[in-house]
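From the sequence below, what's the structure:
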Amino acid sequence: MAGYYVYAYIFFNRLSFAPEVGFHYHPVFVQAAMMLCAAVALALLAFRGRFDLRPDARSCLALGALFIVGVAVDQAGLVMGGQGGLAVQLFACMLFGCAFVLYTLLWVQVYEVLPLPRLFAAVSCALVLSALARAVTYVDMRGQGVWCVAFCAVMALSLTMLNRSFRIVSAGATRSEGPLGRERFAKGLLFTLRGPFAAAAAVAFGTGLTWGEAAVEEYRPPIALAAAFLVCALNLVFGFCGRNGPKARSALFGAVFPLSTILLLASLVLGRFDGAAGLPVLFDAMYYVGLSLFEVHVLVAIIVASRGSGVSSLAPFAAKMVVYGAGFLAGKALSFALDPASLPAVLTAVLLAYLAFNVVVLAVNQVSDAAGSSAPVQEAISMRMGERYGLTPREKEVLSCLLEGRSYEGIGRTLFISSSTVKTHVKHIYEKVGVGSRDELIDQAF
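Okay, the predicted model is just below:
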């Protein structure tokens, strides 16, 4: 239940919204509420420099109560009907949006202390659980009390798992965002995350514009489940069997976000052409593979980039929610104003703009790689980790060499010390940082 956030807001929508009834405002209200609440959370993180809420028992109970109240108020508005009922549902969406944003940020606090292989496994398996829950509950549940109770029960289970997970990983202190953290987030981290944020904006805009759960606007559980299992398997292989160094991760994220966004937008474009009526399965597969890749890797990329900058991933993830919500609402507003026949042209323009953005990013990255080397980056990370974990000057030098991938003999030759002395320093570094291998040390550093 760790990643139930992937599906929770869709479940909430389906309690009061069904596509066949022609009322399309409830999901828009939820997206607007989540965007506004995420913006408030981002502002508080920026000005206060910390996030005081932790996934302890009291916070989880309060959050569960907020979810229950949101569902109850929403159902009351549905029963009332008319303009008054619409206003009540709008208020319920604000309650849910606040609870959902807090719920997500609390889960991020658990995710961000996991080593990279476990992080990939946790988020990927969470996606599969969400896909399974979505497939099982893809029935008409609008206004049915039993499904409201089921939603509250699942949220209670997820919050229980959240509290238990936090207690398990609480030994690894959650990073705090002091003034230096805010400065790094504003100046460097946003630039580093330009790829994930651009992908989030494009995906959200395309989804809002077409209002499609899939390219043909019909949810097919087998295809969605197959896509989730495929992405989960690939991520598990990469996380536990692949190379997890900085270059490998950079190459992975550099490929995944363009691939996922292009698959998703292309499926939406091609699915709307008249000659494509015979290929719905292919377009659905493209859509759900792209969406699954995006959902998993956007969270992992934000956490990895935040670790590299030495700040918490809470503010970047809140910023991602703001970007996604703004993109969705912009696409939805444009869909109300446009003729449906013009949607393929607009989607094509968005796809071309995203491709052009990636070409520019690739060119900028190549220029940056040619202009500098990785040594200053390793030294900066070593200095930052040395201050955090109380490393001695010599241990900082050894750490820098470790991050560069040098062997014990190579480190000894560089620092003019024996291999046995290097091993002693490495042992002390591992003990202070709380890791047991070089791979775990690299995960902690980057």
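
and after the helix or strand hosting T104, which helix or strand comes next?
T104 is part of helix 82-111 when elements are defined by DSSP states H and E. Remark: after helix 82-111, the chain's next helix or strand is helix 116-136, criterion DSSP H and E.

I'd like the mean pLDDT over that next one, please.
Taken as a whole, helix 116-136 has a mean pLDDT of 83.

So which elements touch that helix?
helix 5-16, helix 82-111, helix 221-241, helix 280-309 (3 or more Cβ pairs under 8 Å, 6 or more residues apart in numbering; DSSP states H and E). In this view, the C-beta of every residue, glycine as well, is placed from N, C-alpha and C.

Just want the angle from that helix to helix 82-111.
Orientation of helix 116-136 against helix 82-111 (axes from the mean of the first three to the mean of the last three Cα atoms, to 10 degrees) gives an angle of 150 degrees.

from the middle of its chain, how far away would stretch 343-350 be?
In terms of Cα atoms, centre = their mean, to the nearest Å, the centre of stretch 343-350 is found 26 Å from the chain centre.

Identify each buried residue in that stretch, please.
343-344, 346-347, 350 (16 or more other Cβ atoms under 10 Å).

likewise stretch 135-155?
So for stretch 135-155, counting by 16+ other Cβ under 10 Å, buried means 137, 141-142, 147-148, 150-152, 154-155.

before we move on, the earlier item: and L190, which of the helices and strands packed on helix 116-136 is closest to it?
Smallest distance to L190 across the helices and strands packed on helix 116-136 (Cβ to Cβ): 9.7 Å, for helix 280-309.

what helices or strands is that closest one leaning on?
helix 82-111, helix 116-136, helix 190-192, helix 194-210, helix 221-241, helix 246-270, helix 314-337, helix 438-445.

didn't S124 look like it was pressed against H297?
No: judged on Cβ atoms under 8 Å, S124 makes no contact with H297 at a distance of 9.7 Å.

Pull up the overlap in contacts between the two.
Taking Cβ atoms under 8 Å, 6 or more residues apart in numbering as the contact rule, S124 and H297 touch no residue in common.

just how off-centre is stretch 137-148 within its chain?
27 Å.

what distance separates the start and the end of that stretch?
End-to-end distance of stretch 137-148: 12 Å, with Cα to Cα, to the nearest Å as the criterion.

about what we covered before: most tightly surrounded among the helices and strands packed on helix 116-136?
helix 280-309 (a mean of 23; mean count of other Cβ atoms under 10 Å).

between it and helix 5-16, how big is the angle?
Angle of helix 280-309 versus helix 5-16, following the same axes, to 10 degrees, is 130 degrees.

Just the mean pLDDT for helix 280-309, thanks.
The average pLDDT within helix 280-309 is 84.

just stretch 46-66 next, same as before
83.

What residues of that stretch count as buried?
51, 55, 59-60, 63-64, 66.

Next step: the residues you listed restricted to helices.
Counted as lying in helices by DSSP state H, out of the buried residues of stretch 46-66, are 59-60, 63-64, 66.

Could you export those as CSV, including distance to L291?
Output for those, formatted as CSV (distance: Cβ to Cβ, whole Å):
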residue, distance to L291
S59, 30
C60, 29
L63, 26
G64, 28
L66, 28
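
So which of these is the closest to Y288?
L63 (29.5 Å).

From P55, how far off is that closest one?
9 Å (Cβ to Cβ, to the nearest Å).

Quick one: the helices and strands packed on helix 116-136 as TSV, columns for distance to S400 too.
As requested, those are arranged in TSV below (distance: least, Cβ to Cβ, whole Å):
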stretch	distance to S400
helix 5-16	37
helix 82-111	28
helix 221-241	26
helix 280-309	15
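
Those: which one's closest to R249?
helix 280-309 (6.1 Å).

Identify the residues contacting the residue nearest the centre of the chain.
Centroid check for the chain by Cα atoms, centre = their mean gives L299 as the closest residue, at 2.6 Å. Contacts for L299 (Cβ under 8 Å, 6+ apart) come out as 108, 111, 123, 317.

helices or strands up against the helix or strand that A72 is a member of?
Assigned by DSSP H and E, A72 belongs to helix 57-80. Helix 57-80 sits against helix 5-16, helix 82-111, helix 145-169, with contacts defined as 3+ Cβ pairs under 8 Å, 6+ apart.

Could you tell me the angle between it and helix 145-169?
Going by the same axes, to 10 degrees, helix 57-80 makes 160 degrees with helix 145-169.

any weak-confidence spans in the stretch 251-400 of the chain?
Low-confidence segments of the stretch 251-400 of the chain (pLDDT under 70): 272-278, 308, 310, 365-380.

which neighbours do L63 and P55 share?
L106.

How many neighbouring residues does P316 have?
Number of residues near P316 (other Cβ atoms under 10 Å) recorded here: 26.

Leaving out the residues flanking it, which one is nearest to it?
I302 (4.8 Å; Cβ to Cβ, 6 or more residues apart in numbering).

Distance check, that neighbour against A131.
From I302 to A131 the distance is 21 Å (Cβ to Cβ).

again, but for I442
Separation of I442 from A131 (Cβ to Cβ): 31 Å.

Those two: which has the busier surroundings?
Taking neighbours as other Cβ under 10 Å, I442 and A131 compare with A131 leading, 24 against 20.
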